[in-house]
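Asks: Sequence and computational prediction follow.
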Amino acid sequence: MKKTFLLFAIALTFSATKTFAQNYNTALGVGVDFGTGTTLVGPSIKHFFSRNDAIQADVLFSKGYTWIGAYYEYQESFRYAKQLQWYLGLGPQVALTDDRSVWFLRPTAGLDYKVAGAPISLAIDWRPRVRLSDGGSNFQAGRFGFGFRFAF
């Protein structure tokens, strides 16, 4: 399963061609981080600061934790499906409780679809995490993200 998804992500990366302008400037909505372990839910925002460069920020909540993350994402359209874009990204995330904080590094690889004629953006990605603090590093591959945002 892991190898299949990785091969799929690599194929998406190499199948992209000439870029189009992004379909929106900013999108605000709900983000979900799910997979191995707990499910996290909370507000999410994505903002383009150039044609292909975006920053995504999430504040997610689960079982006594608050997760804060920010990711740089390089995003590009597919040649014949300009509403569908692929992206690759990387960024830090911190999980906070009353007595401690745990730091993670989160690479991302995913798809972003802007619904034509509607202010809706849908995104799904693979976002494994590498724990950087609290007892050494630990890699967790089975994590995914979903975003449902209002695009403007």
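Replies: Received the coordinates, thanks. Here the structure is a predicted model, which is why all the values come from computation and not from measurement.
Asks: May I ask which helix or strand encompasses the closest residue to residue 91 other than its chain neighbours?
Replies: Leaving aside its chain neighbours, residue 91 sits nearest to residue 71 (3.3 Å; criterion: CB to CB, 6 or more residues apart in numbering). The C-beta positions use only the backbone N, C-alpha and C, and glycine is treated the same way. Using DSSP states H and E, the element containing residue 71 is strand 65-78.
Asks: List the buried residues for that strand?
Replies: Buried residues in strand 65-78, counted by 16 or more other CB atoms under 10 Å: 67, 69, 71, 73, 75, 76, 77, 78.
Asks: Now do the contacts for the residue nearest to residue 91.
Replies: 55, 56, 57, 89, 90, 91, 106, 108 (CB atoms under 8 Å, 6 or more residues apart in numbering).
Asks: so which of those residues is the most crowded?
Replies: residue 56 (26 neighbours; other CB atoms under 10 Å).
Asks: Can you list the neighbours in contact with the helix or strand harbouring it?
Replies: Assigned by DSSP H and E, residue 56 belongs to strand 53-62. For strand 53-62, contacts defined as CB under 8 Å, 6+ apart pick out 22, 31-33, 38-49, 66-75, 87, 89, 91, 147.
Asks: Check which residues of that strand are buried.
Replies: 54, 56, 58, 60.
Asks: ok, now how distant is the second one from residue 63?
Replies: Noted for residue 56: a distance of 23 Å to residue 63, by CB to CB, to the nearest Å.
Asks: What segments of the protein are helices?
Replies: Along the chain, the stretches classed as helices by DSSP state H are 2-15.
Asks: Would you tell me which strand is longest in it?
Replies: Determined from DSSP state E, the single longest strand within the chain is strand 81-96.
Asks: What residues sit buried inside it?
Replies: 85, 86, 87, 88, 89, 91, 93, 94, 95.
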